[in-house]
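S.K.: Fold the following and give me the result.
(chains A, B, C and D)
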Number of protein chains: 4
Amino acid sequence: MNFASDNSWGAHPAVLAALARANEGAVMGYGADPVTARAEAVIRDALEAPDAVVRFVATGTAANALVCAQLAPSFGRIYCHEDAHIETSECGAPEFYAHGAKLVTLPGADGKLTPETLRKALEAGAGAGLNGGRNAMVSITNATEWGTVYAPDEVAALARVAHEAGLPLHMDGARFANAVASAGCSAAEMTWRAGVDALCLGGTKNGAMAAEAVLFFDPAHAEGFDYRCKQAGHVFSKQRFLAAQMLALIEDGLWLQLAACANAKAQALAEAVTAGGGRLLAPVQSNAVFAEIPAEAHERARAAGALYHLWTDRPVEGLDLVPLRLVTAWDTPEAEVARMAGLLAG
Amino acid sequence: MNFASDNSWGAHPAVLAALARANEGAVMGYGADPVTARAEAVIRDALEAPDAVVRFVATGTAANALVCAQLAPSFGRIYCHEDAHIETSECGAPEFYAHGAKLVTLPGADGKLTPETLRKALEAGAGAGLNGGRNAMVSITNATEWGTVYAPDEVAALARVAHEAGLPLHMDGARFANAVASAGCSAAEMTWRAGVDALCLGGTKNGAMAAEAVLFFDPAHAEGFDYRCKQAGHVFSKQRFLAAQMLALIEDGLWLQLAACANAKAQALAEAVTAGGGRLLAPVQSNAVFAEIPAEAHERARAAGALYHLWTDRPVEGLDLVPLRLVTAWDTPEAEVARMAGLLAG
Amino acid sequence: MNFASDNSWGAHPAVLAALARANEGAVMGYGADPVTARAEAVIRDALEAPDAVVRFVATGTAANALVCAQLAPSFGRIYCHEDAHIETSECGAPEFYAHGAKLVTLPGADGKLTPETLRKALEAGAGAGLNGGRNAMVSITNATEWGTVYAPDEVAALARVAHEAGLPLHMDGARFANAVASAGCSAAEMTWRAGVDALCLGGTKNGAMAAEAVLFFDPAHAEGFDYRCKQAGHVFSKQRFLAAQMLALIEDGLWLQLAACANAKAQALAEAVTAGGGRLLAPVQSNAVFAEIPAEAHERARAAGALYHLWTDRPVEGLDLVPLRLVTAWDTPEAEVARMAGLLAG
Amino acid sequence: MNFASDNSWGAHPAVLAALARANEGAVMGYGADPVTARAEAVIRDALEAPDAVVRFVATGTAANALVCAQLAPSFGRIYCHEDAHIETSECGAPEFYAHGAKLVTLPGADGKLTPETLRKALEAGAGAGLNGGRNAMVSITNATEWGTVYAPDEVAALARVAHEAGLPLHMDGARFANAVASAGCSAAEMTWRAGVDALCLGGTKNGAMAAEAVLFFDPAHAEGFDYRCKQAGHVFSKQRFLAAQMLALIEDGLWLQLAACANAKAQALAEAVTAGGGRLLAPVQSNAVFAEIPAEAHERARAAGALYHLWTDRPVEGLDLVPLRLVTAWDTPEAEVARMAGLLAG
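M.R.: Okay, here's the model as predicted:
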């Protein structure tokens, strides 16, 4: 019973089959192969963005950090939520790639920025002069680090604030499929139609082994990006094996089916939490449950071998309610979800 | 008939099988899984280096550049051959990762540094004072960019010069398996017994999809390296899929069989070059042939659809002898090698 | 009546005289001259630190950022107050020089960190693993950005927390002279005797044109620092003109006289603020007054031509009390201080 | 008798007087002062470039490296002479500031690039693809590191090649005054009229204490430059003391008088070298003499206490002709020049 992370789980059989298919014969390296071309095309189609520049890298940190370096100069200010992955979980990769750019972190309920908070912060940053650096970009995560989902109109409201300040909007979509599946909108509505300029479209948590797509909806934003990826060691010589993974997920809509499947399991766990006297710390809108559960439920679950992260850096001994995070994947076994739900519901 | 690069070819069935095996059940991410642990152990065994720190990344550029950043400060001088991959083919990745470190390039026949050339350069560098930066490390490639192989005693002679100057020796082993198979020595004799401090052990050109190992024979050299990889976006969340590839290659000696197979095909092509009136530009000791062939042979080969890189940046029209590079892989079909040999031999 | 900043004011005549004296004859460049040697010696004496490494740069931002790069790797976490100059006023210089290191900012009354806040933050950081980067150093400012002064025992308490975590302690002493003069202790008591590992000793705000000293009390901390400064373009070829400024200030104790003079003027203004119905926002312990003054006093002062910074990024129209900062320098004319005091006192 | 470097010598009395004048009263910091405004205007006038952006920094390395970072991305290729100061004498500052950009060094007689060499190199670089990085800028030094001077038409020829490749041309003018004085042209003819896009106009070697101007003739090239300087710690709070130095040199043409004076002394030494049986290693066109002199002359000079750099990194014992560099400054005493000339002439 592993609810520690969606990256604890595996790759979809279609991904492995695609890798096997891509392993036939010889092609030219570094992306000059038909699988890469096809994967790019399929993703442009899925996003209804025929002009978008699509590239592939292997990790979400690489995707995010390379986009930050692309859109922000070394003296840039990058605005994000205080719990954003780029701030808390990438070991300073954005700052490293952007040579010292500063992440300006903002509070917001349920892992979301609000337009008003963002506007005020951008105004303060614009007034900081040389001392504070120059406003460069805004980054949001969807689904968020708290498992919630920005609806397209929420994205659009933030995009308006960013654009009014002359800044591009980046979406960290490590769990983009979960967000789209949850919102019931199209991928285009969630992104460029709402004003998103750059998207990191995660594959790894969605059933790939290690694959992410980076999209720039305006090709001008991608100027030089291939060099940047190359200099970072993020261009695969056998690039087709990256592209094939994304291709397998995106064509025929598998990505959204897998995401919906993971989301549903999280809903089941969320209901069990509530039924068992626990409390949700944020609305459950994607494939993660942030909750406090009764200490007895925690003990039951641990005794049964359930794996998950506590959501505090303090000791939980003696607490009546234990804060935790449960993450589901497309391949978390239904039986394990049901068993865990039973343990939570008590 | 693709002789453009060994990365034009694919992954060994054992690698795909290993990926499928690694795709069972849930494990913890970021390398805290049994496949990663086993791959590290198998590589330590293969190198007879029980204390070595072993890590995995997906590209050779990442491996080399991260090692450079690990061993050289921003003001460091990194000595290498003027045709070294880190100088010519990584888009400045070592300088980027090491924040401005300077590659000092040296000449040398057949892609090899000589101890005397290196010693003089290190002395000059040591005398450059603040102006020139500080001597930091020496990097060699084995097999070299010219398809030749340093024998263990040649490595040892360079290591002595480096160590006398207080510098560590790095070996870019993108084709390390080919070098070891060619030299007929052990991997240990080729590396730490000869004085190598850090090794990039290539998997991608040896039958992996995208996997390289980095070894530091003295754990002190690896201090902080995990953070460095993480900050660069080169730590996979599903790390087992990187490790599994290397594991499949290394255990049971598959890596050396595949390398020997590729090397033998290059020998066959080399003999055909000579038989056909061509001239080898360097001894063929691994899986690459650098040669000049008669213009007619070139025309025959192109007409037959053979793919390979010309080894000049000038037009070849009108030349009697056409310079080119032919690279073989473990899975270059024997029939294609034979056919190409026929075209070369005329 | 300029109370905008101490850098609005000039250089002491002794500094100009020292520059003129240093301008005689020819010497070797880049610090290999007798003035530099003497300035280093005088500073070591003033700090009672015969083994300290002393270097000179022209700006406080350079001094701080170079020390950060010296003590923190790219993946390091640098702990400081949320109002620290390195966070708010250096345009990301520490992150730039340290190639992406992350400033972790902490709250604290009156611009000061407390040992308890620091200890908790270091513990949280130590638990952040690869995601969060590695704890690297602690930086405090003395006198602080709020014009307060850490007493030696307060410094020592923070140093103990830093050292227990294995981290060095840096002191940004852009106004170090003001702090020492205010605390009535020795420079040694304020620094290495209390556990400070690296000190940026400001000259510019203390009567120099543009000169700061950097001290590493343990020479091991200075390893490679000269190369770092050179690579940053912060080594002057005519280095004696930097050193001469610091020499003029430090020898014979001029620095502390000037600082005491500036501090006393701030006290006079502080008393006037209180007398006039205003409120101090922080204790006035050095040469800066942070206060709220009645709107009428603000209007009187502005009408009289007084220059100072408002201490808010919001409009002050309609406020009863106007927040502001007043900074004094050794050469702020006594008459202007008296006049401003009169305007404040009403 | 110090002929080691022009930075061994001092500042002109007019520079000290200007510093004293700038030290009156209070002004706003960071360049918002009338001295800075006037210095910028005077330099624009001197260059006949009313739209140029002019900024001041304290060292030539800072000036060059900041311009490189401004004009080249991290993956950029910067073309320069193999003896360029940015390659040999700045400890990797350009690579550091430009985050890993690669200096591509080219040969050329007398320290000069030729259009043909440059054109071929740019073509090769353009063909290097992702592997080699992207062509970004061309940098020349005038006067060169060998004391020669590019005439305006030589600059123009190089600028045409650079511009045809879409690249800006930078001129490292650490000794720009010497070049202009030598060529007998206007500063405009030597720079923007010939196609120079960015100029580092050296003050330090021309009679300042530590001051250089950076000019971008097209303001678009200066976009964000102020932030870049600030983040590097190269913006002085009391900026007027930088600007005043340049102002004193440029207004009334003092800079060219001082340069002509230094140049004339070098001519005198050059004639003495030839008269004494020595050999010039390059034409003497500015304030440096590169020559081989008879061993006896070298012994005579050393015995008389003359200071200069040998121009080899090998031992000179036993050589008949000793290679050396002699540099003159505006304030090298005439008597010392005459004495040295006597020693050389024998």
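S.K.: Pull up the residues of chain A that are close to chain D.
M.R.: Within reach of chain D by CB under 8 Å from any CB of the partner chain, chain A has these residues: A:30, A:73-75, A:99-100, A:130-131, A:133-134, A:224, A:226-228, A:230-231, A:235. Heads up, the C-betas are built off the backbone N, CA and C, glycines and all.
S.K.: Can you list which of those are found in strands?
M.R.: Among those, the subset assigned to strands under DSSP state E consists of residue A:134.
S.K.: burial of the residue in the stretch 201-346 of chain A positioned nearest to chain C, as a residue count?
M.R.: In the stretch 201-346 of chain A, the residue found nearest to chain C is residue A:313; the distance is 5.5 Å by CB to the nearest CB. Counted by other CB atoms under 10 Å in any protein chain shown, the residues lying close to residue A:313 total 10.
S.K.: who touches the closest residue to residue A:157 other than its chain neighbours in this structure?
M.R.: In this structure, residue A:157 finds its nearest non-sequential neighbour in residue A:115, 4.6 Å apart by CB to CB, 6 or more residues apart in numbering or on different chains. For residue A:115, the residues meeting the contact criterion (CB atoms under 8 Å, 6 or more residues apart in numbering or on different chains) are A:157, A:158, A:160, A:161.
S.K.: Would you quantify the distance from the third one to residue A:118?
M.R.: Yep, that's residue A:160 we're talking about. From residue A:160 across to residue A:118, the span is 10 Å (CB to CB, to the nearest Å).
S.K.: out of those two, which sits in the busier spot?
M.R.: Neighbour totals were compared for residue A:160 and residue A:118, and residue A:118 leads with 24 against 16 (other CB under 10 Å).
S.K.: In a helix, that one, correct?
M.R.: Yes: secondary structure assignment places residue A:118 in a helix (DSSP: H, G, I helix; E, B strand; the rest coil).
S.K.: pretty sure it contacts residue A:158?
M.R.: Yes: in terms of CB atoms under 8 Å, residue A:118 counts as a neighbour of residue A:158; the distance is 6.1 Å.
S.K.: follow-up on the earlier one: which of the residues of chain A next to chain D are buried?
M.R.: The neighbour count (16 or more other CB atoms under 10 Å in any protein chain shown) marks A:30, A:73-75, A:99-100, A:130, A:133-134, A:226-228, A:230-231, A:235 as buried among these.
S.K.: which of these are close to chain C?
M.R.: Counting by CB under 8 Å from any CB, the members of those near chain C are A:74, A:75, A:99, A:100, A:130, A:133.
S.K.: Out of the residues you listed, which two sit at the greatest distance?
M.R.: Checking these against each other with CB to CB, the farthest-apart pair comes out as A:99 and A:130, at 17.0 Å.
S.K.: Quick one: the helices in the stretch 51-200 of chain A, in order.
M.R.: Under the criterion DSSP state H, counting those that start in this stretch, the stretch 51-200 of chain A carries helices at the ranges A:60-71, A:85-88, A:93-97, A:115-126, A:129-132, A:152-164, A:176-183, A:187-190.
S.K.: Single out the most deeply packed of those.
M.R.: helix A:93-97 (a mean of 31; mean count of other CB atoms under 10 Å in any protein chain shown).
S.K.: So for that helix, mean pLDDT?
M.R.: Taken as a whole, helix A:93-97 carries a mean pLDDT of 98.
S.K.: May I have it exported as PDB, CA atoms only?
M.R.: Listed in PDB are the C-alpha atoms of helix A:93-97, where the atom choice follows Å, rounded to 0.1, in the frame of the first residue of the first chain:
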ATOM      1  CA  ALA A  93      17.400  24.400  -9.800                       C
ATOM      2  CA  PRO A  94      15.500  27.500 -11.200                       C
ATOM      3  CA  GLU A  95      18.000  29.800  -9.500                       C
ATOM      4  CA  PHE A  96      20.900  27.700 -10.800                       C
ATOM      5  CA  TYR A  97      19.700  27.600 -14.300                       C
END
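S.K.: Would you tell me whether it gets close to chain B?
M.R.: Yes: if you take CB under 8 Å from any CB as the test, helix A:93-97 does meet chain B, through A:93, A:96, A:97.
S.K.: ok, now which ones touch the last one?
M.R.: Residues in contact with residue A:97 (CB under 8 Å, 6+ apart) are A:65, A:66, A:68, A:69, A:232, B:233, C:100.
S.K.: Please tabulate the residues you listed in a markdown table and include pLDDT as additional columns.
M.R.: Shown next, in a markdown table, are those (pLDDT from 0 to 100):
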| residue | pLDDT |
| --- | --- |
| A:65 | 98 |
| A:66 | 98 |
| A:68 | 98 |
| A:69 | 98 |
| A:232 | 98 |
| B:233 | 98 |
| C:100 | 97 |
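S.K.: And these, which is closest to residue B:5?
M.R.: residue A:232 (20.7 Å).
S.K.: Name the SS class of residue A:291, please.
M.R.: Three-state assignment for residue A:291 (three-state DSSP): strand.
S.K.: list the contacts for it?
M.R.: With CB under 8 Å, 6+ apart as the criterion, the residues that contact residue A:291 are A:270, A:273, A:278, A:279, A:280, A:281, A:323, A:324, A:326.
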